[in-house]
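In: this is a predicted model, with the sequence first.
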Amino acid sequence: MKEQFVAYIRNLQNTITEGIEKIDGAAVFKEDIWKRPEGGGGRSRVIENTTDSNGVFEKGGVNISEVHGKLPESMQQYFGVTDANFFACGLSLVLHPINPFVPTVHANWRYFELYNEAGEVVNSWFGGGQDLTPYYLFEEDATHFHSVCKRACDAHNPEFYPNYKEKCDAYFYNAHREEARGIGGLFFDYLKASESMQSQDWYNFVAEVGDSFLDAYLPIVEKRKDLPFTEAQRNWQEIRRGRYVEFNLVHDKGTLFGLKTNGRIESILMSLPPKVQWIYDHHPEAGSDEEKLLEVLKNPRAWV
């Protein structure tokens with residue numbers, strides 16, 4: 001299975017970066033091949049524009065990794081194993097737009113194996129999802145994104161979308177702020193083989209979600225990327241980016257796993273936006289579009 005999934009994420013990285021470059025129209029991805037001393041490595045691709053350029057994305061990355069070796073002791077405790085080896089591969093992406101009317105997007109699709117001392121697979125699972133973080137709420141955009149997510153899920157099981165949508169709302173949540181990071185999407189983890197879903201079935205599902213990503217995101221980008229915006233709206237975007245950083249550094253399991261397994265720091269922190277603000281005790285004006293967004297972040301909604 002791992003060979004099949006590695007081949008898939010390599011191809012998916014090509015497809016997604018080609019689609020992003022086309023809609024950006026100015027910048028191209030810079031590729032960085034890296035090796036992990038303990039075993040494995042990856043292929044990072046990063047795109048950047050200046051705020052006065054004609055491009056769409058201020059910063060973004062579409063990274064793949066294939067890492068293996070001894071599972072660190074701290075992670076052995078987390079997984080409830082001792083003296084174990086692991087293999088992990090996945091594609092992780094984050095795209096931060098220049099225009100505050102274009103939402104930030106995150107997605108990840110991954111596969112994990114644990115081995116005993118004899119090198120036998122003792123556990124394996126899939127995980128991943130995709131979620132949207134707008135700075136200004138366009139309800140039709142939220143409906144579109146969630147509709148594509150639901151369609152990908154429904155092709156495999158009608159119970160998947162409500163389940164993984166609920167898990168996404170719960171996971172991408174800044175408990176210390178009592179608000180969601182964004183308007184959600186899908187989040188799933190520990191998808192293991194069972195009588196009803198074999199490993200190949202889970203692969204097919206995860207690949208369906210991965211293949212849906214560009215359909216979920218690019219129409220929103222196309223609709224919003226050329227809208228005029230003010231400096232005040234740009235400031236709001238940077239304030240909200242601060243919340244994004246807080247989640248990734250405080251709560252995100254993928255970030256913590258990468259740091260604890262001696263992952264490549266540049267790739268791990270690729271998700272952080274280039275310009276961020278933290279304004280002391282900031283609150284938007286009552287009745288404003290900014291407050292409208294916060295109301296939704298504090299009270300997740302059903303979009304489809």
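Out: Received it, and whenever you're ready, just let me know what you need.
In: where does residue 147 land in three-state SS?
Out: Recorded secondary structure, residue 147: helix (DSSP: H, G, I helix; E, B strand; the rest coil).
In: buried residues, the helix or strand where residue 34 lies. List them.
Out: Applying DSSP states H and E as the criterion places residue 34 in strand 30-35. Across strand 30-35, burial judged by 16 or more other CB atoms under 10 Å covers residue 32. Every C-beta, even on glycine, is put in place using the N, C-alpha and C of the backbone.
In: how about the helices of the stretch 51-200 of the chain, start to end?
Out: Applying DSSP state H, counting those that start in this stretch to the stretch 51-200 of the chain gives helices spanning 73-79, 139-154, 160-171, 199-211.
In: so which elements touch the second one?
Out: The one in question is helix 139-154. Other elements packing on helix 139-154 under the criterion 3 or more CB pairs under 8 Å, 6 or more residues apart in numbering; DSSP states H and E are strand 121-133, helix 160-171, strand 184-191, helix 199-211, helix 213-224.
In: restricting to C-alpha, output it in CSV.
Out: Only the C-alpha atoms of helix 139-154 are listed here, as CSV (Å, rounded to 0.1, in the frame of the first residue of the first chain):
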residue,chain,number,x,y,z
GLU,A,139,-21.7,32.1,2.1
GLU,A,140,-21.9,30.8,-1.4
ASP,A,141,-18.1,30.1,-1.2
ALA,A,142,-18.6,28.1,2.0
THR,A,143,-21.5,26.2,0.4
HIS,A,144,-19.4,25.4,-2.7
PHE,A,145,-16.4,24.1,-0.7
HIS,A,146,-18.5,21.9,1.5
SER,A,147,-20.6,20.7,-1.4
VAL,A,148,-17.5,19.4,-3.2
CYS,A,149,-16.3,17.7,0.1
LYS,A,150,-19.7,16.1,0.5
ARG,A,151,-19.8,14.8,-3.1
ALA,A,152,-16.4,13.1,-2.6
CYS,A,153,-17.6,11.5,0.6
ASP,A,154,-20.9,10.4,-0.7
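In: tell me which residues of it are tucked away?
Out: 141, 142, 144, 145, 146, 148, 149, 150, 152, 153.
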